[in-house]
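# Structure for this input, please:
(3 chains)
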Amino acid sequence: MSALILIELNGSDVSANTRAAITAALNLSDSLDALVLTNDASNASSVSALAGINTVKMIVDDALEHANVEVASRLIADVMNDYSFLVAGSSTFSKNILPRVGALLDVQPISDVCEIKSKNTFVRPLYAGNVMATVETSDETIVMTVRATAFEHSGDGGSASVETISASMPSANSEFISLQESVSERPELTTAERIVSGGRGLGSKENFALIEQLADKLDAAIGASRAAVDAGFISNDYQVGQTGKVVAPKLYLAVGISGAIQHLAGMKDSQVIVVINNDPDAPMSRMADLVWQVDLFDALNELNAYQV
Amino acid sequence: MKIIIPVKRVLDPYTQARVNKQTQQVDLTNAKMAMNPFCEIAVEEALTLKESGSASETIAVSIGTDKTVDTLRTALAMGVDRAIFIKTDSELDLQPLHVAKILANIIKREEAELVIMGKQAVDNDNNQTGQMLSGLIDYSLGTFISKFDLSDDASSVEIGREIDSGIETRKLNLPAIVTVDLRLNEPRYASLPNIMKARSKPLETIELSSLGIDTSPRIKILSVEESGTKDRASKQVSSAEELFTELNQMGVL
Amino acid sequence: MERESIEYDVVIVGGGPSGLASACKLKQLNPNLSVCLLEKGSEIGSHILSGAVFEPKTLFDLFPEDAKDCPSLKTPVAKDDLFWLTGENKSIKVPSWLMPKSLHNKGNYIISLGELCQWISEKAMELGVDIFPGFPAQNYLKDESGRVIGISTGDMGIDKEGNQKGTFTPGMDILAKQTIFAEGARGHLGKQLIREFNLDEGKTPQHFAIGFKEIWEVENDNHSPGDVVHTMGWPLNEGTTGGGFLYHFDNKKVAVGLIVDLNYTNPSHSPFQEFQQFKRHPKIKEFLESGKRVSYGARAITKGGINSLVKMDFNGGMIVGCDAGTLNPSKIKGSHCALQSGILAAEYIHKILNEEICDFDDLFKGSSLYQELYKSRNFSAAMHKFGFYLGAAYNFIESNIFRNALPFTIKDEQKDCDSLNLNNPLYAKEYPAPDNVLSFDITSSLFLSGTNHEEDQPVHLKLTDPSIPLTRNKELFDEPAQRYCPAGVYEIIDKEGEEYFQINAQNCLHCKTCDIKDPSQNINWTPPEGGGGPNYIGM
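Okay, here's the model as predicted:
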């Protein structure tokens, strides 16, 4: 009953969501192996250092630099003969590949697992997270992606053995052309670990600059309520809420947001919610872990001046 | 080039999903249903290709009970040429693997060279069907696309994929399946005159049972619960120092 | 892109009970007629809100075979209580013999009017009616002679500033031999037609109320399907009339609501807050406690009765249901009247399309609808004119002792928009903060209405004079729109020391209260892009 972790690398680093996948997989099996598809064998060192991994299986080929999904899914499906579980962290990398692996294995994969109830019973979100479903699978091989925010990120400290698998590369009918990495001075809103979000309470576009200043200080993304967008303080791209972007960062710091329900629907799953507002009755305050009831500008000036 | 656009009827994304405690399922009785928004984007892209002369025919496909026809009529009203309705007897719990198998059957029958579909349906949020379909019929696959440029000879397509680290550009040889992301286009309205005209467009009904596909569920939903907005035990702070201290202790900085 | 046009024999504006009844009756009378029905809601029923206790007889008149299978008729009224709420915690049960006759509900059903409309719309489609939800009629069309010849639908894909977006789609003209307007209370076309064709000539001004409704899922043992509770009194007081209701549905669902007459006098009065307070009364709380609120909505009600009922026929069409004002105020029921008026309109139109000579007034006066409305002619006016206590006493005496046979008619000539009075002793009314158990704020309530509008479109609530909210209305009444709107659409906001009037048009519930109550009659409700508005389910 061993489990295989599909490793996602950022350069030569193991991604945070992969680390969450390892924690999740330890609930399924005591015996975890990792699979790395790469063009560069030196990436093995970061993987073999992961805690909890027995063996790192490597497939190294130049064709795997920007692996084609048809190739990757075929290679993974072939390795899966020896495993009962295939686990990866939820990301565009895994969501691209794993369902195709599932089809090749005639298995129905399970997306975005948030909780493991037993070896075949899992909790996953439906309807943009508004509903949580407990699902039971009858497949003998289980393929799943897990939410990086729902599991601890496992650390290093392991010393897994590395085994290189020689596999012939399946033919590909698509090719990589280029990658335009998003260059943003600030983290992207939907994937940011921290978000500083401003509402209409800020009063003007100029005052919104204080939000930007605080966001830079915390290495956070900027968000806004619909009211702030409607008032023209910031463009609609930054709108958090049911009609904007749905976010679930580690820290959501809301400044001058009353908490219209459309907004709450977009950020309620944030791990820690801080509300800075001068209105103690604002609905937002009920959602907060920490509330600072204060004049917004005093608070922002104090926060921006504070030496962390 | 024939294009197939699978479309799904889902709970309108602007209405709130409610759980029926007795059945332990999301309650869709009398609920407002709509075409999955990602499917609308897929339809729009297919129509653009048809209008530019690149596609010979656009065909919408959907699976479900009789009400599903409404969604296909919407696709017809937006402008697709014809529709195929795979009829199920009751609200079968079809999962992406089943749907992919059914679509594979239709695509082979129609000999379609391009499949444009939503990256996920906003009800079950699986984000799987397109990928699985590509595994079953071995078409090349481009997921989460925000750019679609067909080559002049229509033998390949250059796509932009919205991935976590940025935009990846790839070239897919046809036949291919692409799953579309939000930023690809803005879908058109189904205008009233076109809704009227859509009533006389061809819609073929195929009984699911006639396809001989095993639809026994692989996954069973044991229970569901609304996650809702939960009140939290708010702690008051009164200075920047106090706030930063708390946040440090919580490990979120 | 050019505007297209199409012709039907009859086009109907509005998919509520009156419009749907017209559509069905027309096709029953002549299956060869081409009949088209437009509904601004994204689906039939999504903009329908009503209590509702329903008198089923007209439904059986319309569908003698099928009505018995109508799934809406599953909860017959079992028990019928009326309480006079004399204070925050106090109440007196009004004995059955003292209840106005019109409030007895034996033989009636507790229904969701939205679900009933969905069912009737299925019947209409079976009969061959073309139903198009998601398309509001923007304007009515006239020929050179001034005859109404159909309607036009609005353009779609227009941005905030009025420019065409990439998705621009022009509206369409739908021409018809006869056009039936069935938009419900204060329809925006009905309003124009009444003015243009003087349909209210010789009538007392129309009176309205705003009705709030929530659906709760309850767990407690007090739930008893079929039970009906009506209340009068608290929290409404002198200067404000209205009443509350609580209906026990099956499936552990309860509908609770408050109807507040829009002739209230106190500018600081907030009907929404009154409704939230109402639920805290022990007589209501006992049924809601430990329950969960699942829906919220509000809608204006036309309640002037026959004194205000406009002339229903005009050159080229008809105006029916609450659009015309057919609700029976003594029963606080409008659904069966709406159905009847729709049927009458269909019968009339069928005749004139066959070139038979027929006078609508004769047809109407011979109808049971007219009999019913005539009997209750004094109910609302008495309440308005004499205040709550005397009005209630009058209504009791008239309906229970004189059996509505008194030979005179009471009229109330004051318009609802003119009733605000700064000298009200309760001016500067304040309301307790929501407890989030029984009472809630507007934003969380609004979420449960499912209301939604495409963001980038022109504001559909038009001010004739944009300066009035911050001048006349602010100075005289502290802009009451901030309080009468059940959706928080109107706000005066202080932006760096300067006030501006914010219209959150996206929140709009299409209740029409602003169009009715604005003391300067400066707000014009117009239809937003098709499909916008609430998404009521089972309301």
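# give me the element the closest residue to chain A within chain B is part of.
Closest contact between chain B and chain A, by C-beta to the nearest C-beta, is at B:G135 (3.0 Å). Where C-beta positions appear, they are placed from N, C-alpha and C, glycine not excepted. Assigned by DSSP states H and E, B:G135 belongs to helix B:129-137.
# Please state the offset of the very next helix or strand once past that helix from the chain centre?
The element immediately downstream of helix B:129-137 (helix or strand, assigned by DSSP H and E) is strand B:140-150. Computed by C-alpha atoms, centre = their mean, to the nearest Å, the separation of strand B:140-150 from the middle of its chain amounts to 14 Å.
# can you tell if strand B:140-150 touches chain A?
Yes: using C-beta under 8 Å from any C-beta of the partner chain, strand B:140-150 reaches chain A at B:140-144.
# and which of the residues you listed is nearest chain C?
Checking the residues of strand B:140-150 next to chain A against chain C with C-beta to the nearest C-beta, the nearest one is B:F144 at 22.2 Å.
# Contacts only, for that closest one.
By C-beta atoms under 8 Å, 6 or more residues apart in numbering or on different chains, the contact list for B:F144 reads A:92, A:96, B:119, B:161-163, B:179-181.
# Closest one of those to chain C?
Nearest to chain C among the contacts of B:F144, with distances taken as C-beta to the nearest C-beta, is B:V180, at 16.5 Å.
# residues contacting the closest one?
B:V180 sits in contact with B:38, B:41-42, B:45, B:116-119, B:144-146, where contact means C-beta under 8 Å, 6+ apart.
# now do B:D89
B:65, B:208-209.
# how about a cut-off of 10 Å?
Taking C-beta atoms under 10 Å, 6 or more residues apart in numbering or on different chains, we find B:D89 in contact with B:65, B:207-209.
# quick one: it and chain C, what's the gap?
Distance, B:D89 to chain C, using C-beta to the nearest C-beta, to the nearest Å: 20 Å.
# That residue - that's part of a helix, no?
No: going by DSSP: H, G, I helix; E, B strand; the rest coil, the assignment for B:D89 is coil, not a helix.
# where exactly do the helices run in the stretch 251-400 of chain C?
C:271-278, C:282-288, C:335-353, C:360-365, C:368-375, C:379-396 (DSSP state H, counting those that start in this stretch).
# if we can go back for a sec, would you format the contacts of B:V180 as TSV with secondary structure and pLDDT included?
Shown next, in TSV, are the contacts of B:V180 (DSSP: H, G, I helix; E, B strand; the rest coil; pLDDT from 0 to 100):
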residue	secondary structure	pLDDT
B:F38	helix	95
B:I41	helix	96
B:A42	helix	98
B:E45	helix	98
B:I116	strand	98
B:M117	strand	98
B:G118	strand	97
B:K119	coil	96
B:F144	strand	95
B:I145	strand	96
B:S146	strand	93
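# what residues does chain C put near chain A?
C:160, C:433-434, C:436, C:440-448, C:452-456, C:488, C:491, C:493-497, C:500, C:502, C:504-507 (C-beta under 10 Å from any C-beta of the partner chain).
# Can you list which of the residues you listed are found in strands?
Judged by DSSP state E, strands contain the following of the residues of chain C next to chain A: C:491, C:493-495, C:500, C:502.
# And for residue 130, the neighbour number?
In the absence of a named chain, chain A is used. Residues contacting A:N130 under the criterion other C-beta atoms under 10 Å in any protein chain shown number 21.
# look at chain C instead
19.
# picking that back up, any chance of the helices of the stretch 251-400 of chain C in CSV, with mean pLDDT and mean neighbour count too?
Listed next are the helices of the stretch 251-400 of chain C as CSV, based on pLDDT from 0 to 100; neighbours: other C-beta atoms under 10 Å in any protein chain shown:
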stretch, mean pLDDT, mean neighbour count
helix C:271-278, 97, 24
helix C:282-288, 94, 17
helix C:335-353, 97, 25
helix C:360-365, 96, 15
helix C:368-375, 93, 18
helix C:379-396, 62, 19
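# Distance to B:D93 for these - can I get that in TSV?
Listed next are these as TSV, based on distance: least, C-beta to C-beta, whole Å:
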stretch	distance to B:D93
helix C:271-278	40
helix C:282-288	35
helix C:335-353	37
helix C:360-365	53
helix C:368-375	48
helix C:379-396	53
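# do you know how far the closest residue to C:D465 other than its chain neighbours is from C:S467?
Nearest residue to C:D465 in three dimensions, chain neighbours excluded: C:N522, at 5.6 Å (C-beta to C-beta, 6 or more residues apart in numbering or on different chains). Computed as C-beta to C-beta, to the nearest Å, the C:N522 to C:S467 distance reads 9 Å.
# for B:A154, same thing?
As for B:A154, its distance to C:S467 is 59 Å (criterion: C-beta to C-beta).
# More neighbours: which of these two?
B:A154 (14 against 11).
# Might you enumerate the residues of the stretch 401-539 of chain C proximal to chain B?
Residues of the stretch 401-539 of chain C lying close to chain B (C-beta under 10 Å from any C-beta) are C:436, C:444, C:447-448, C:450-454, C:529-531, C:535-538.
# Show me the helices in chain B, by range?
Listed in chain order, the helices found in chain B under DSSP state H are B:37-51, B:68-78, B:96-110, B:129-137, B:192-198, B:240-250.
# correction: the stretch 401-539 of chain C
C:442-447, C:472-477, C:481-484, C:513-517.
# Deepest-packed of these, please.
helix C:513-517 (a mean of 25; mean count of other C-beta atoms under 10 Å in any protein chain shown).
# thinking again about what came up before, of the helices of the stretch 401-539 of chain C, which approaches C:F314 most closely?
Ranking the helices of the stretch 401-539 of chain C by proximity to C:F314 (C-beta to C-beta) places helix C:513-517 first, at 20.9 Å.
# Does anything pack onto that closest one? Which helices or strands?
helix C:188-196, strand C:208-217, strand C:292-302, strand C:461-463, helix C:481-484, strand C:523-525 (3 or more C-beta pairs under 10 Å, 6 or more residues apart in numbering or on different chains; DSSP states H and E).
# run the last query once more with 6 Å
helix C:481-484, strand C:523-525 (3 or more C-beta pairs under 6 Å, 6 or more residues apart in numbering or on different chains; DSSP states H and E).
# The last one - which strands sit beside it in the sheet, and in what orientation?
Okay, so that is strand C:523-525. strand C:461-463 (antiparallel) (DSSP bridges).
# Quick check: buried residues in the strand it pairs with?
Within strand C:461-463, the residues scored as buried using 16 or more other C-beta atoms under 10 Å in any protein chain shown are C:461, C:463.
# And stretch B:200-208, by the same measure?
Under 16+ other C-beta under 10 Å, the buried positions of stretch B:200-208 are B:201, B:203, B:206, B:208.
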